[in-house]
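Visitor: Predicted coordinates and the sequence they were generated for:
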Amino acid sequence: MKTDRYRLEHIAEIGEQLLGVVERNGITSESINCELETQWLITTPLYNIGEQTNCLSDELTSKHPDVPWAQVAGLRHRLVHNYEGTNWSMISEVVLVELRPFINQIHSILDAMPDSSGDTSAENEQ
């Protein structure tokens, strides 16, 4: 079973990678709104972040009500199930403005979690 720590680490890693891609490629709101290649490039990481967020325990999410868990998971569902109706201006806002603060929140939660160096349950997942 994947642990909350594993999922949070995965969220942080994917988020940092996405932010790096955005920076290296000079992705802008205009490119997100208009370029299919850019839209495809950013949606897979958003799917993954949303899926990991959706699978976090209620215990963890209730301890951190200031984090927009439901919105992040909901974004994944909207992208996956209503692709034709995607509001790319909203996605642009998420990627260019809201993602960094969210990832910072994830890092803060991870920093406050007890060390689980002896926990190998996530390592045994395939």
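Guide: Sure thing, it's come through.
Visitor: where along the protein do the helices fall?
Guide: Counting by DSSP state H, the chain has helices at residues 4-24, 29-34, 36-54, 58-63, 69-81, 88-93, 99-112.
Visitor: okay, these in a markdown table with mean neighbour count and mean pLDDT next?
Guide: In short, each C-beta sits where N, CA and C put it, glycine included. As requested, these are exported to a markdown table (neighbours: other Cβ atoms under 10 Å; pLDDT from 0 to 100):
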| stretch | mean neighbour count | mean pLDDT |
| --- | --- | --- |
| helix 4-24 | 17 | 98 |
| helix 29-34 | 15 | 97 |
| helix 36-54 | 18 | 96 |
| helix 58-63 | 12 | 97 |
| helix 69-81 | 16 | 91 |
| helix 88-93 | 16 | 95 |
| helix 99-112 | 15 | 98 |
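Visitor: quick one, what contacts the residue nearest the centre of the chain?
Guide: The residue lying closest to the centre of the chain (Cα atoms, centre = their mean) is residue 49, at 2.9 Å. The contact partners of residue 49, by Cβ atoms under 8 Å, 6 or more residues apart in numbering, come to 11, 14-15, 18, 72, 76.
Visitor: how does it look with 7 Å?
Guide: Going by Cβ atoms under 7 Å, 6 or more residues apart in numbering, residue 49 touches 11, 14-15, 72.
Visitor: JSON lines please, covering the residues you listed and showing distance to residue 56.
Guide: Output for those, formatted as JSON lines (distance: Cβ to Cβ, whole Å):
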{"residue": "11", "distance to residue 56": "9"}
{"residue": "14", "distance to residue 56": "14"}
{"residue": "15", "distance to residue 56": "14"}
{"residue": "72", "distance to residue 56": "10"}
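Visitor: which of those sit farthest apart?
Guide: Across the contacts of residue 49, the longest distance by Cβ to Cβ is 11.6 Å; it joins 14 and 72.
Visitor: ok now do residue 92, which residues does it touch?
Guide: Neighbouring residues of residue 92 by Cβ under 7 Å, 6+ apart: 29, 32-33.
Visitor: ok, these vs residue 22, which is closest?
Guide: Closest to residue 22, out of all of the contacts of residue 92 and judged by Cβ to Cβ, is residue 32, at 9.1 Å.
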